[in-house]
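In: one predicted model, sequence on top.
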Protein chains: 2
Amino acid sequence: MNAEAVVAELAQKARKASRSLSTATGAERKAALEAIAKAIESRSAEILAANVLDMASARAEDMHPQMQDRLLLTAERIAGIAGGARQVAALADPLGQTLRKSTLANGLELEQISVPFGVIGMVYEARPNVTVDAAVILLMSGNAALLRGSSSAHHSNEILVNVMKDALATTKISPDVIQLIPSEDRATTKALLTARGKVDLVIPRGSAALIRMVVDEATVPTIETGAGVCHVYVDEFADIEKALPILINSKTHRPSVCNAAETLLVHKAIAPTFLPMALKALSDAGVILHSDATAQKVADTFKIASTLATDTNWSTEYGVLEMNVAVVDSVDAAADHIAQYGTNHTEAIVTENKANAARFIALSDCAAVMVNTSTRFTDGEQMGFGAEIGISNQKLHARGPMGLEAMTTTTWIVTGTGQIRS
Amino acid sequence: MNAEAVVAELAQKARKASRSLSTATGAERKAALEAIAKAIESRSAEILAANVLDMASARAEDMHPQMQDRLLLTAERIAGIAGGARQVAALADPLGQTLRKSTLANGLELEQISVPFGVIGMVYEARPNVTVDAAVILLMSGNAALLRGSSSAHHSNEILVNVMKDALATTKISPDVIQLIPSEDRATTKALLTARGKVDLVIPRGSAALIRMVVDEATVPTIETGAGVCHVYVDEFADIEKALPILINSKTHRPSVCNAAETLLVHKAIAPTFLPMALKALSDAGVILHSDATAQKVADTFKIASTLATDTNWSTEYGVLEMNVAVVDSVDAAADHIAQYGTNHTEAIVTENKANAARFIALSDCAAVMVNTSTRFTDGEQMGFGAEIGISNQKLHARGPMGLEAMTTTTWIVTGTGQIRS
């Protein structure tokens, strides 16, 4: 059977089974997640054993240590995955919410309610935890899940999916609402991305390269996630006591994630006082610096290691302890730099001047604007969503961290007494 | 200059100019629309003259009469276009609305507000009115408009865009927020659909073929509009007094549009009484019938012209006075037929039984469910949106008729006092 046929069959199974979710009560969906959490805990030995096989091949193939760490499952991590499922089960039911309601002049009653998408595909890399994290968010929001993970995690993914299916078999929800797409063959990914009418939405989660591939090849609706070239702009009216910790936290707290800052923009009026201490603090924190001409002079003066930034530097998402520094003339100049090199993810301004903050907000075209706080707060957990399936980096449907609500769509119910259109 | 460069330059101009919209007040955007409406009225002679040129080539090329009618502009139609712009100007401002607001335990203040997309592309066919209808909706929602119409309407589109730009020149809004993409060369469409990062969203408006092309070729986010294979299900508990007018209205009121019905499903228990009068009424209204075996027997018995429906019939959007008829055993059987052949647009049930209505709603996976009313009410004007840029036939972002709100996205504003993440 070719890849298209394989995916079509799995999608059809998922679609049929999804009715057991769309007609289930919130309590029944919560119970299904509880069953999954319990099963993952009680069968962690099996899960660890399967992960050992994946880790062995990873070592044999000299997989990058950082990727090996993402692939690795431990007793603690498995407990964390189960805990995550319980956390989602405890969230408010996103389905059946009345979003808009009105009565028309002709007596028709309009009501817009939240409903599931139906069948949602996930394309991700060698992180087995995503297999469960994504599945439980999709199930809780009433959607069947088509999971296309990495072949290097296939032993781990297979056992995790089997454990979840076995758990569902003891509930009102059909086990077929979770389908693992074979990962030996890259063609199954392409088939998933072009299964129009069979799959309602595909969400990529992983590297910029993976996201780009999905966006380029998909004919089904997708949500672009990820890429973040975030900026911290220290305004002329910034409180330096706040600016320094915000800068260091935004860059160094967790450099590998998308809401970490890559570029520092400093207003020329505050540069003489702020720049020396900022460059030193970054340098002391082990951050490699790339500066514009003005900042480079300061670095040289104070014997702080830095090289002149190139156009490539300004648009690079480092993901490591490396940062660009530029001096700008105004809020608008900062916004212009961000518009040219940013990725519309998260931009921060440090200022005590309300007008400058408002101007920065109006000119920043991004998912989140941080005023006097760290870029690291663009995060579903931190923002109180309780769970996050990814951070949307596009403007369609959902922007920024996506929780359960983002995995629902709507339907209009129009109730009449025989009205016709004249 | 190649197509990519042309589109890139126009998109860049539009992006720059869009700041004059995102920083403008609602009153300033309304004033811009008023100016456009007035200019269209005062320069209607020029517009008619340009349209004459397009109509001449259309006749020379033997364009289908129905398409010629869509291309044609008259004094009345131009007045209608101007009136439409005023109607949009009178709507509530969709920007700057607070959608969610909360304060986190760490004191951070979260606020989610509605903001423009930025630059939105429209791809449409030889209907010059769309040039203005789309532009004013996009401008009112704070977005710059990249308009890619049909080459067969280029004289009309050029004068309409010039009139709008001249009108904007007298306002606070930059004329560059409206850009007409050259239509001689098909390559410009492809360039628009793949201008990632330069264009935030592309909306196709027109035939199923056009929409399919956009969906297949686009790498920028798109919203699928259009295709509607809508059903009217007459339940065993239907009030025939309501069912008959709803059926006739759904099929014959305006067969060419997407919310017209293509298939009638009748419960077997009511078929003996309802089917004969339904088939006769449809036939008398000039509707060509395609029936399943059961309905065909009824048609033959009562000497009503009908042919046996094929699989193709069930999935065809006729757009003309042609309809399929089938008898089903239950609400679930009706839902199964709809799931197999429908396009998730609009489905109607006629019943006095609340449980059956609820079951039909739960099983219908569509933009709008009509209970005891005509499918023709899935319409922005009818639903009180005041304006409609299209009817979304996908589940992402917007579902069903799209008004001003659907042309906005959101941004999170997180305000702190120096909070960092630990």
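Out: Great, that's in hand. Being a predicted model, the structure only gives us computed values, none of them experimental.
In: could you see whether chain B lies near the lengthiest helix in chain A?
Out: If you go by DSSP state H, chain A has its longest helix at helix A:3-22. Yes - contact between helix A:3-22 and chain B, assessed by C-beta under 8 Å from any C-beta of the partner chain, occurs at A:19, A:22. Glycine gets a C-beta too; all of them are placed from N, C-alpha and C.
In: from the chain's centroid, how far away is the helix or strand following that helix?
Out: Once the chain leaves helix A:3-22, the next helix or strand it forms, by DSSP states H and E, is helix A:26-42. Its chain's C-alpha centre and that of helix A:26-42 lie 24 Å apart, by C-alpha atoms, centre = their mean, to the nearest Å.
In: just the angle between helix A:26-42 and helix A:3-22, please?
Out: Counting by axes from the mean of the first three to the mean of the last three C-alpha atoms, to 10 degrees, helix A:26-42 lies at 120 degrees to helix A:3-22.
In: for helix A:26-42, name the packing helices and strands.
Out: helix A:75-89, helix A:128-140, helix A:154-169 (3 or more C-beta pairs under 8 Å, 6 or more residues apart in numbering or on different chains; DSSP states H and E).
In: list the buried residues for that helix?
Out: A:26, A:29-37, A:39-41 (16 or more other C-beta atoms under 10 Å in any protein chain shown).
In: go on, stretch A:169-176?
Out: Buried-residue list, stretch A:169-176, by 16+ other C-beta under 10 Å: A:171, A:173-176.
In: kindly format the C-alpha coordinates of that stretch as PDB.
Out: Only the C-alpha atoms of stretch A:169-176 are listed here, as PDB (Å, rounded to 0.1, in the frame of the first residue of the first chain):
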ATOM      1  CA  ALA A 169     -10.300   0.900  25.300                       C
ATOM      2  CA  THR A 170     -11.400   1.000  29.000                       C
ATOM      3  CA  THR A 171     -13.300   4.300  28.400                       C
ATOM      4  CA  LYS A 172     -16.200   5.700  26.300                       C
ATOM      5  CA  ILE A 173     -13.700   7.000  23.700                       C
ATOM      6  CA  SER A 174     -12.700   4.900  20.700                       C
ATOM      7  CA  PRO A 175      -8.900   4.000  20.700                       C
ATOM      8  CA  ASP A 176      -8.900   4.800  17.000                       C
END
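In: give me the contacts around that stretch.
Out: Residues outside stretch A:169-176 that contact it (C-beta atoms under 8 Å, 6 or more residues apart in numbering or on different chains) are A:13-14, A:16-17, A:20-21, A:24, A:28-29, A:31-32, A:35, A:139, A:144, A:164-166, A:168.
In: and the residue of the stretch 251-400 of chain A found nearest chain B, helix, strand or coil?
Out: Proximity of the stretch 251-400 of chain A to chain B (C-beta to the nearest C-beta) peaks at A:Thr373, 3.1 Å away. When classified by DSSP: H, G, I helix; E, B strand; the rest coil, A:Thr373 comes out as coil.
In: ok, it touching B:Glu109?
Out: No - assessed by C-beta atoms under 8 Å, A:Thr373 is found out of contact with B:Glu109, at 9.6 Å.
In: follow-up on the earlier one: export the buried residues of helix A:26-42 to JSON lines and tack on pLDDT?
Out: Conversion of the buried residues of helix A:26-42 to JSON lines gives the following (pLDDT from 0 to 100):
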{"residue": "A:Gly26", "pLDDT": "96"}
{"residue": "A:Arg29", "pLDDT": "98"}
{"residue": "A:Lys30", "pLDDT": "98"}
{"residue": "A:Ala31", "pLDDT": "98"}
{"residue": "A:Ala32", "pLDDT": "98"}
{"residue": "A:Leu33", "pLDDT": "98"}
{"residue": "A:Glu34", "pLDDT": "98"}
{"residue": "A:Ala35", "pLDDT": "98"}
{"residue": "A:Ile36", "pLDDT": "98"}
{"residue": "A:Ala37", "pLDDT": "98"}
{"residue": "A:Ala39", "pLDDT": "98"}
{"residue": "A:Ile40", "pLDDT": "98"}
{"residue": "A:Glu41", "pLDDT": "98"}
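In: which one among the residues you listed gets closest to B:Val229?
Out: For the buried residues of helix A:26-42, the minimum distance to B:Val229 (C-beta to C-beta) is 30.8 Å, reached by A:Arg29.
In: identify the residues contacting the closest one.
Out: So A:Arg29 contacts A:21, A:89, A:93, A:139-140, A:142, A:173 (C-beta under 8 Å, 6+ apart).
In: for chain B, what are the nearby residues on the stretch 251-400 of chain A?
Out: Residues of the stretch 251-400 of chain A found near chain B (C-beta under 8 Å from any C-beta) are A:253, A:361-374, A:376-378, A:382-384, A:394-397, A:399-400.
In: please redo it, this time with the cut-off set to 6 Å
Out: Within the stretch 251-400 of chain A, the residues that sit near chain B (C-beta under 6 Å from any C-beta of the partner chain) are A:253, A:361-362, A:365, A:368-374, A:376-377, A:394-397, A:399-400.
In: for stretch A:288-301, which outside residues touch it?
Out: The contact list for stretch A:288-301 (C-beta atoms under 6 Å, 6 or more residues apart in numbering or on different chains) reads A:275-276, A:279, A:306-309, A:313, A:322, A:324-327.
In: tell me which of the residues you listed fall in helices.
Out: Those of these mapping onto helices are A:275-276, A:279, A:313, per DSSP H.
In: output these in a markdown table; the columns should cover neighbour count.
Out: Shown next, in a markdown table, are the ones in helices among the contacts of stretch A:288-301 (neighbours: other C-beta atoms under 10 Å in any protein chain shown):
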| residue | neighbour count |
| --- | --- |
| A:Leu275 | 25 |
| A:Pro276 | 15 |
| A:Leu279 | 26 |
| A:Asn313 | 22 |
